[in-house]
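>>> Coordinates for the following, if possible.
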Amino acid sequence: MIIRAKPESANYSQSAGPPSNAEIRVCQTLAELRDLKPAWDRLLSQYPHSTTFCTWEWLSTWWSNFGSGRQLWVLAFFDPTLDPDALIGLAPLSIAKEPMGWKSFRIVRLMGDGSGDSDNLDIPVIPGYELCVSRSLAKFLLASSSKWDMCLFNTMPPDSHVGRTLKELLSTSPWASFCHQTPASLIPLPRTWDEYEQRISGEDRKNLLRYRRRLEARYATKIYRCTSQVELPTIIEALFRLHQSRWNTAGQPGSFADPRRRAFYTQLSAELLARNWLELWVLTLDGEIAAVQFAFRFGDRVFQLQEGYDRMRSSDRPGYVLRGEILKHLISNGVCVYDFLGGEDPYKARWGAQRRSYSQVHFALKNGIPGLWLTMNKKFGKGKENMRATLPPSVWQALHKVNVALRRSHQ
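Below you'll find the predicted structure:
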């Protein structure tokens, strides 16, 4: 059922610009959300910071595999002075009870958050409507506060229009908020491969050529991008096998030990390939898959999510060679950014990656344990001992349990 929340006043003129408040329609099922897809696609075509993580393809597939136990709560924003079906913003949310220390709280998250698979989660908006959508979102959540205890909006990109505006609104009463940054990495790509080579070390310039030539001398070598639904299952299974082999050898379970994640990648690959967004690259040696890189493209940006290589051939550096050839291809095809997503591992810097950050926007009403915890975090920051000395022991223990549970939920 789609629930409509009317703005406080609809007496706006188009010449006056965006209204103060938008009309909100609440989608609670994927079927309702699917009906918005044409308008959703138009919205993303106008939002300058759209990514694959904002699309129906990503979010609906994620929900089908990881949404169990959560309630869909997607807010679609419309300008009442325009076409009633002209979508101006979309807040894909969900809500669920989650254990936080000694009790459970009703947590609102951005749809796609909670499994560790999604980055760049955002609230896309038509330029010029940032304040309207942010204000309408805050008012809606305030009016619906009986349904939730805390909002955790994680991995929002630093250039998120609503993210920035929302943080300003949350700095006033009745909100308690705590916003912090987590690291990410990306490579701004130049116009030519020669320019890119000047950004990496002389040793790496030599190694990219040397290891490629050595592979070609030792094996029948082939590097290609998957463009066929027929070959997709074989390549995805190779990704699972190669990735798991590396982590299992190190005594770790690996990302693809979870059958839900395997199903997610399998389904997502087909969806992205159908839109020509999939950047699934393969390196074969004597006809056997030795390295796979799973990435996807949106506009002039490519996001690299997972990879795997044959550890028995690690001395041949198949993963290293594959990434170099992918970067060369992407540069020649006008891609401007190769995004490593979360983390700032040393190997990323070796490829010329620069540090960026995601915003974690956490907020609640000031009254209650969640609001008190956020207020204390904002006040004391990392001064945990100051907080312990200031608060009564029973309150400190309760807040400490919430803090531990929240940190675990972000891992």
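>>> Please export the C-alpha coordinates of the helix or strand containing Trp63 as PDB.
Counting by DSSP states H and E, the element that carries Trp63 is helix 56-66. Provided in PDB are the C-alpha atoms of helix 56-66 (Å, rounded to 0.1, in the frame of the first residue of the first chain):
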ATOM      1  CA  TRP A  56      16.400  -0.100  -8.800                       C
ATOM      2  CA  GLU A  57      18.700  -2.900 -10.100                       C
ATOM      3  CA  TRP A  58      21.000  -2.700  -7.100                       C
ATOM      4  CA  LEU A  59      18.500  -2.000  -4.400                       C
ATOM      5  CA  SER A  60      15.800  -4.400  -5.400                       C
ATOM      6  CA  THR A  61      18.300  -7.200  -5.900                       C
ATOM      7  CA  TRP A  62      19.900  -6.500  -2.500                       C
ATOM      8  CA  TRP A  63      16.400  -6.500  -0.900                       C
ATOM      9  CA  SER A  64      15.500  -9.800  -2.400                       C
ATOM     10  CA  ASN A  65      18.500 -11.400  -0.900                       C
ATOM     11  CA  PHE A  66      19.100  -9.500   2.400                       C
END
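>>> which outside residues touch stretch 58-70?
Outside stretch 58-70, the residues within contact range by Cβ atoms under 8 Å, 6 or more residues apart in numbering are 30, 33-34, 52-53, 72, 92, 94-96, 109, 111-112, 114-115, 117-118, 260-261, 263-264, 267-268, 271. For every residue, glycine as well, the C-beta is placed using N, CA and C.
>>> what's the following helix or strand after the helix holding Trp63?
Per DSSP H and E, the helix or strand that comes after helix 56-66 is strand 71-78.
>>> Okay, buried residues for that next one please.
Within strand 71-78, the residues scored as buried using 16 or more other Cβ atoms under 10 Å are 72-78.
>>> just to revisit the earlier point, are any of the contacts of stretch 58-70 buried, and if so which?
30, 33, 52-53, 72, 92, 94-96, 109, 111-112, 114, 117-118, 261, 264, 267-268, 271.
>>> so of the residues you listed, which ones are in helices?
Of the buried ones among the contacts of stretch 58-70, the ones assigned to helices by DSSP state H are 30, 33, 261, 264, 267-268, 271.
>>> quick one: which two of those are the most distant?
Pairwise distances across these peak at 22.1 Å for Leu33 and Arg261 (criterion: Cβ to Cβ).
>>> can you give me the helices for the stretch 201-350 of the chain?
202-218, 232-249, 259-274, 318-332, 346-350 (DSSP state H, counting those that start in this stretch).
>>> Most tightly packed of the ones you listed?
Among the helices of the stretch 201-350 of the chain, helix 318-332 has the highest mean neighbour count (mean count of other Cβ atoms under 10 Å), at a mean of 20.
>>> Just the CA atoms of that helix, as PDB, please.
Extracted as PDB, the C-alpha positions of helix 318-332 are listed here (Å, rounded to 0.1, in the frame of the first residue of the first chain):
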ATOM      1  CA  PRO A 318      47.500 -12.700 -12.900                       C
ATOM      2  CA  GLY A 319      45.400 -10.300 -10.800                       C
ATOM      3  CA  TYR A 320      48.000  -7.500 -11.100                       C
ATOM      4  CA  VAL A 321      48.100  -7.900 -14.900                       C
ATOM      5  CA  LEU A 322      44.300  -8.000 -15.200                       C
ATOM      6  CA  ARG A 323      43.900  -4.700 -13.200                       C
ATOM      7  CA  GLY A 324      46.500  -3.000 -15.300                       C
ATOM      8  CA  GLU A 325      44.800  -4.000 -18.600                       C
ATOM      9  CA  ILE A 326      41.400  -3.000 -17.200                       C
ATOM     10  CA  LEU A 327      42.600   0.400 -16.300                       C
ATOM     11  CA  LYS A 328      44.100   0.800 -19.800                       C
ATOM     12  CA  HIS A 329      40.800  -0.100 -21.400                       C
ATOM     13  CA  LEU A 330      38.700   2.100 -19.100                       C
ATOM     14  CA  ILE A 331      41.000   5.200 -19.800                       C
ATOM     15  CA  SER A 332      40.700   4.600 -23.500                       C
END
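>>> What is the least confident helix or strand in the chain?
Within the chain, no helix or strand scores below helix 384-390, which has a mean of 49 by mean pLDDT, DSSP states H and E.
>>> Which neighbours in the sheet does the helix or strand where Ser359 lies have, and how are they oriented?
Element membership of Ser359, judged by DSSP H and E, is strand 354-365. For strand 354-365, the paired strands and their directions (DSSP bridges) read strand 150-156 (antiparallel), strand 175-188 (antiparallel).
>>> any chance of those in TSV, with mean pLDDT and distance to Leu142 too?
Rendered in TSV, the data for those read as follows (pLDDT from 0 to 100; distance: least, Cβ to Cβ, whole Å):
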stretch	mean pLDDT	distance to Leu142
strand 150-156	96	11
strand 175-188	94	8
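>>> okay, these, which one's buried deepest?
Taking mean count of other Cβ under 10 Å, strand 150-156 is the most buried of these, at a mean of 23.
>>> Remind me what the helix or strand that that strand is followed by packs against, helices and strands.
Once strand 150-156 ends, the next helix or strand along the chain (criterion: DSSP H and E) is helix 161-169. The contact analysis (3 or more Cβ pairs under 8 Å, 6 or more residues apart in numbering; DSSP states H and E) places helix 161-169 against helix 130-143, strand 150-156, strand 175-188, strand 354-365.
>>> about what we covered before: now do the helix holding Trp63 against helix 259-274, angle only.
With axes from the mean of the first three to the mean of the last three Cα atoms, to 10 degrees defining the directions, helix 56-66 sits at 160 degrees from helix 259-274.
>>> ok, and for helix 56-66, which residues are buried?
56-63, 65-66.
>>> Over to stretch 353-371?
Here stretch 353-371 shows 353, 356, 358-365, 369-371 as buried, counting by 16+ other Cβ under 10 Å.
>>> for that stretch, what is the average pLDDT?
In this model, stretch 353-371 has a mean pLDDT of 92.
>>> Excluding chain neighbours, give the residue nearest to Arg355 in space.
Glu344 (5.5 Å; Cβ to Cβ, 6 or more residues apart in numbering).
>>> hmm, I was thinking of Gly308
Leu242 (3.0 Å).
>>> now the one you found: how far from Ile126?
Applying Cβ to Cβ, to the nearest Å, the value for Leu242 to Ile126 is 42 Å.
>>> Repeat that for Ser104.
As judged by Cβ to Cβ, Ser104 and Ile126 stand 37 Å apart.
>>> higher neighbour count, the two?
More crowded of Ser104 and Ile126, by other Cβ atoms under 10 Å: Ile126, with 21 against 13.
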